[in-house]
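[1] okay, structure incoming, though there's no sequence with it:
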């Protein structure tokens, strides 16, 4: 089944926002790239902000649920799945460059209107809740240290992951990104879990 115009708009804009952020998105450019009329665009999205809300719900949220799916859904192998997640990101970065849509949107969120800001904040909070639930289950299985609360650990994990992109983006270097992920894994081995899956004090 071929994609309809609305799906094509969302796909095109998701790619653009992933690389440059939502603030830099120019709907006129994407309308031109898609070879559609402004009328066709505004038939589906009455404004750029409404497009942003649809992107969060229909593209960004599913993207992260898929990217982190193994980590979230399989606490038994939570460490291995996290390491594999970073390895996949390294492969993606080598092909497409250093960017992460959550990092970009988090940095620019103060430029959104209140409704879009709330929609993005709800997405991040829901995503953190999924990480928190997975960490809680992994702690129950002895895969992660018991000290500290799972919400703080979820924030620690997500912030540590995002820092790889933020540092690498400054350097504009895939090599720096690869080095950052290795450092992230090393730090988590010491504060989250060890090579043998033994719990250590959480830093």
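    Here it is on my side, so go on. As the structure is a computational prediction, the values presented were derived from the model and not from experiment.

[2] so residue 137 touches residue 75, yeah?
    Yes: the criterion here is C-beta atoms under 8 Å, and residue 137 meets it with residue 75 at 3.9 Å. In this view, the C-beta of every residue, glycine as well, is placed from N, C-alpha and C.

[3] shared neighbours of the two, which are they?
    When C-beta atoms under 8 Å, 6 or more residues apart in numbering defines a contact, no residue borders residue 137 and residue 75 alike.

[4] residue ranges of the helices in the chain, please?
    Counting by DSSP state H, the chain has these helices, from start to end: 5-20, 27-34, 38-44, 48-55, 61-67, 69-73, 78-96, 101-108, 114-140, 150-171, 174-191.

[5] as TSV, those with mean neighbour count would be great.
    As requested, those are exported to TSV (neighbours: other C-beta atoms under 10 Å):
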stretch	mean neighbour count
helix 5-20	18
helix 27-34	14
helix 38-44	14
helix 48-55	20
helix 61-67	14
helix 69-73	17
helix 78-96	16
helix 101-108	19
helix 114-140	17
helix 150-171	18
helix 174-191	17
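
[6] as JSON lines, those with mean pLDDT would be great.
    What follows is these, written out as JSON lines (pLDDT from 0 to 100):
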{"stretch": "helix 5-20", "mean pLDDT": "94"}
{"stretch": "helix 27-34", "mean pLDDT": "91"}
{"stretch": "helix 38-44", "mean pLDDT": "92"}
{"stretch": "helix 48-55", "mean pLDDT": "96"}
{"stretch": "helix 61-67", "mean pLDDT": "95"}
{"stretch": "helix 69-73", "mean pLDDT": "94"}
{"stretch": "helix 78-96", "mean pLDDT": "91"}
{"stretch": "helix 101-108", "mean pLDDT": "93"}
{"stretch": "helix 114-140", "mean pLDDT": "94"}
{"stretch": "helix 150-171", "mean pLDDT": "86"}
{"stretch": "helix 174-191", "mean pLDDT": "84"}
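
[7] quick one, what contacts the residue nearest the centre of the chain?
    Taking C-alpha atoms, centre = their mean as the criterion, residue 102 is the residue nearest the geometric centre of the chain, at 4.5 Å. Counting by C-beta under 8 Å, 6+ apart, residue 102 touches 60, 64, 124, 162.
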